[in-house]
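Chemist: need a structure here:
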Amino acid sequence: MPPIYSLRFAVAALVVACLTALAAYPVRADTPPTLTVEGRGEAQGKPDIATITLGVVTQGKTSAEAMEANARIAATLVNQLRERGIADRDLMTIGLSLMPDYAQDKDRASAPKIAGYRAMNRLSVRLRDLTKIGTVLDMATAAGVNDISGPMFGVADPQGLQDEARKKAVAEARRVADLYAQSLGVKLGPVREMVENAGNRPMAEPRMMLRGAPAAMAAPVAPIEGGEMTAATTVTITYEIIK
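Modeler: Numbers count the residues shown, from 1 in each chain. Prediction:
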């Protein structure tokens, strides 16, 4: 029996401690009610930059031969881009590789042997004048580029577009809150809390991808349209309610 009394005493002590804590931090009876709403905002803008990836793939019987041919075309490409006003800050090498090409005997009696080498150099080009896209593509294919991807469209000031979306999200949340308050016959007080959810920054998908020999790519490139960029975000706002 003594253990039972001991357990009852412990429970009673715990209850007293909880009541003492509640007395020290009483719940305010005048705490105003709140209203939580969500608002979504979107902002659109035309892209003003584009990124194209230009790749040069060359082959040779030796690694030096493949790399020499690749370096020659890549150097010509970079020089011609600079001549067309593309700044060095908008040119970036994003990949350089050298791989052996294997050949298999017809009877497959022996292991594959190295028949040559393949070199690849990929250059990322950022264009701040979208009217140059067609010219750059034509020039690149003429220079020997045989691997093209892009363009990826974007905006030079993505933060400005995102901030516009934020303003619209807050305005939408306020509109919804006003509607609820009017329906309930109450007034909105100050903002108690606001949380911004992860927004969608302006982004576009690649519009074209070309691979093949330069001669096969000599035909005019199809028209390229930049379309429209969209930035979006969502906010959750909690207002006090004034009765």
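Chemist: just for the chain, where's the confidence low?
Modeler: 1-29, 198-223 (pLDDT under 70).
Chemist: try 50
Modeler: The model of the chain has pLDDT under 50 over residues 1, 4-5, 7-25, 27, 204-219.
Chemist: Please enumerate the helices of it.
Modeler: Under the criterion DSSP state H, the chain contains helices at 2-24, 63-83, 133-143, 158-184.
Chemist: Can you dump the C-alpha atoms of the shortest one in PDB for me?
Modeler: As requested, the backbone C-alpha atoms of helix 133-143 are provided in PDB (Å, rounded to 0.1, in the frame of the first residue of the first chain):
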ATOM      1  CA  ILE A 133      19.800  35.200 -81.400                       C
ATOM      2  CA  GLY A 134      19.300  34.300 -85.000                       C
ATOM      3  CA  THR A 135      22.600  35.900 -86.100                       C
ATOM      4  CA  VAL A 136      24.600  34.100 -83.400                       C
ATOM      5  CA  LEU A 137      23.100  30.700 -84.300                       C
ATOM      6  CA  ASP A 138      23.800  31.200 -88.000                       C
ATOM      7  CA  MET A 139      27.400  32.300 -87.200                       C
ATOM      8  CA  ALA A 140      27.900  29.400 -84.800                       C
ATOM      9  CA  THR A 141      26.800  26.700 -87.200                       C
ATOM     10  CA  ALA A 142      29.000  28.300 -89.900                       C
ATOM     11  CA  ALA A 143      32.000  28.200 -87.500                       C
END
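Chemist: Which strands or helices does that helix pack on?
Modeler: For helix 133-143, the elements it packs on are strand 49-60, helix 63-83, strand 113-127, strand 147-154, judged by 3 or more C-beta pairs under 8 Å, 6 or more residues apart in numbering; DSSP states H and E. Every residue, glycine included, has its C-beta placed from N, CA and C.
Chemist: Nice, that's everything, thank you.
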